[in-house]
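S.K.: Predicted model and sequence follow; I will ask about them next.
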Amino acid sequence: MENLFEYTIVVPEGSPDEGERIDRYLATECPGFTRSYLQKLIKEGQILVNDAPVKVSYPVKAGDSILIREAIRTLPLVEPEDIPLDILYEDKDIILVNKPKGMVVHPAAGHYSGTLVNALLYHCPGDLSGINGVMRPGIVHRIDRDTTGVIVVCKNDTSHKNVAAQLKDHSVNRLYRAICMGNIKEEGLCINAAIGRSKKDRKKMAVVPESEGKHAVTHVRVLERFGEATYIECRLETGRTHQIRVHLSDLGHPLLGDAVYGPEKQPYKLEGQALHAMVLGLTHPTTGEYIERTAPLPEYFTELLEKLRKKL
């Protein structure tokens, strides 16, 4: 473990933690590290921001490159694993994968194997961008563990920077399918509400005043109504953490299966929220061609729709 190379974290654009003290930020990003240990490393100059030492009170900013020299020794190695991938598109620059339910995107506390990153390291060894460090090679955006659907991964740093810029200027087309609780009466909605860390629980996000969070916009279109639930399409104008889940919950229509932002007791015995990243379209970072792929609805989702239809 002593020979591991340094660990880098890049603060993503639109992070809800922009402005957070660096020790608090890293305590969230590096589960298992105590704040006191992180503070010690910062004071010893073992944690650098953009190649320069900082104070413990330093507020992190989007784009900051945080280098951790000592903490990497306590992290496990991320090993390649022969896990089947549902690949929707692949070339030398990018790969679009249909992520299954229950798969974590990148290693974190309690999930150091079986992740999408483990599978990618096996599928394309040595061909993933290194901008987000050894724990998140190729990862330019994320979807939740229990959210299924399309995610784009970058194979080199040039592609990573290009796709990250598209995500930042909201030019990536992302359409989701979801089933929420209750009856949404409007045919279409534009939810414009800032999102930030919940003051009650830092592990959760919440709708907050614009001055305290990040601008967030979700466009909702009703596809089908079931009385007790509504089948909807959501288009992300921005991409904040848990955006669709938080916006719908705040509206009074939490997603079915979402015990975090909805009631603890959920009907239909679902394992996590009924949310599927169905369409992802972007400009290819090298050719300039528009690339779009669709992930079909997963089996659990179609079965849930059939159950709801039969109850009408």
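M.R.: That came through, no problem. Numbers count the residues shown, from 1 in each chain.
S.K.: count of neighbours near the closest residue to S113 other than its chain neighbours?
M.R.: Ranked by Cβ to Cβ, 6 or more residues apart in numbering and with sequence neighbours excluded, the top spatial neighbour of S113 is E81, at 6.3 Å. In short, each C-beta sits where N, CA and C put it, glycine included. By other Cβ atoms under 10 Å, the residues close to E81 number 15.
S.K.: next one: L312
M.R.: Other residues within reach of L312, judged by other Cβ under 10 Å, total 9.
S.K.: Next: C124.
M.R.: Other residues within reach of C124 by the criterion other Cβ under 10 Å amount to 18.
S.K.: T287 now?
M.R.: By other Cβ under 10 Å, the burial measure for T287, its neighbour count, is 10.
S.K.: what ranges of the protein fall below the confidence cut-off?
M.R.: In the predicted model, the chain carries pLDDT under 70 at residues 1-6, 31-32, 70-76, 109-110.
S.K.: ok, which stretches of it are helices?
M.R.: Taking DSSP state H to define them, one finds helices in the chain at 22-29, 35-43, 116-123, 157-168, 243-250, 299-310.
S.K.: which stretch among those helices comes nearest V208?
M.R.: Put simply, out of these the one that sits nearest V208 is helix 243-250, at 9.8 Å, with distance taken as Cβ to Cβ.
S.K.: tell me which strands and helices the closest one is in contact with?
M.R.: Using 3 or more Cβ pairs under 8 Å, 6 or more residues apart in numbering; DSSP states H and E as the contact definition, the elements that helix 243-250 packs against are strand 173-181, strand 188-192, strand 195-197, strand 205-207, strand 217-225, strand 229-236.
S.K.: Adjacent strands (with direction) for the last one?
M.R.: In the sheet containing strand 229-236, the strands it pairs with under DSSP bridges are strand 173-181 (antiparallel), strand 217-225 (antiparallel).
S.K.: now do the second one
M.R.: Each strand that pairs with strand 188-192, with its direction, by DSSP bridges: strand 217-225 (antiparallel).
S.K.: List the buried residues of the partner strand.
M.R.: With burial defined by 16 or more other Cβ atoms under 10 Å, the residues of strand 217-225 counted as buried are V217, T218, V220, V222, R225.
S.K.: Kindly reformat the strands paired with strand 229-236 as TSV and extend each row with distance to E90.
M.R.: Conversion of these to TSV gives the following (distance: least, Cβ to Cβ, whole Å):
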stretch	distance to E90
strand 173-181	19
strand 217-225	29
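S.K.: number of nearby residues for the residue lying closest to V220 once chain neighbours are set aside?
M.R.: Nearest in space to V220, with sequence neighbours left out and distances taken as Cβ to Cβ, 6+ apart, is L189 at 4.2 Å. By other Cβ under 10 Å, the residues close to L189 number 19.
S.K.: quick one on the thing from earlier: quick one: which of the buried residues of strand 217-225 is nearest to C180?
M.R.: Taking Cβ to Cβ as the measure, C180 lies nearest V220 of the buried residues of strand 217-225, at 8.9 Å.
S.K.: Ok, which of the helices of the chain comes nearest V10?
M.R.: Across the helices of the chain, the minimum distance to V10, taken as Cβ to Cβ, is reached by helix 157-168, at 9.0 Å.
S.K.: Could you list the residues in contact with the closest one?
M.R.: Helix 157-168 is contacted from outside by 12-14, 93-94, 129-132, 138, 140-141, 152, 154, 172, 239, 282-283, 285-286, using Cβ atoms under 8 Å, 6 or more residues apart in numbering.
S.K.: Repeat that for stretch 139-148.
M.R.: Counting contacts by Cβ under 8 Å, 6+ apart, the residues outside stretch 139-148 that touch it are 12, 98-106, 111, 116-117, 129, 132, 149, 151-154, 160, 163-164, 167, 239, 242, 245, 257, 271-273, 275-277, 295, 298, 301.
S.K.: That one: end-to-end distance?
M.R.: 16 Å (Cα to Cα, to the nearest Å).
S.K.: quick revisit: from the buried residues of strand 217-225, which is closest to Y89?
M.R.: T218 (25.4 Å).
S.K.: where's the closest one relative to T241, distance?
M.R.: According to Cβ to Cβ, to the nearest Å, T218 stands 13 Å off from T241.
S.K.: just E264 next, same as before
M.R.: According to Cβ to Cβ, E264 and T241 sit 21 Å apart.
S.K.: Same question for G182.
M.R.: Here the distance between G182 and T241 works out to 24 Å (Cβ to Cβ).
S.K.: the more surrounded of the two?
M.R.: Neighbour comparison, G182 and T241: the larger count goes to T241, with 20 against 17 (by other Cβ under 10 Å).
S.K.: show me the contacts for the more buried one.
M.R.: For T241, the contacting residues are P16, I195, M205, by Cβ under 8 Å, 6+ apart.
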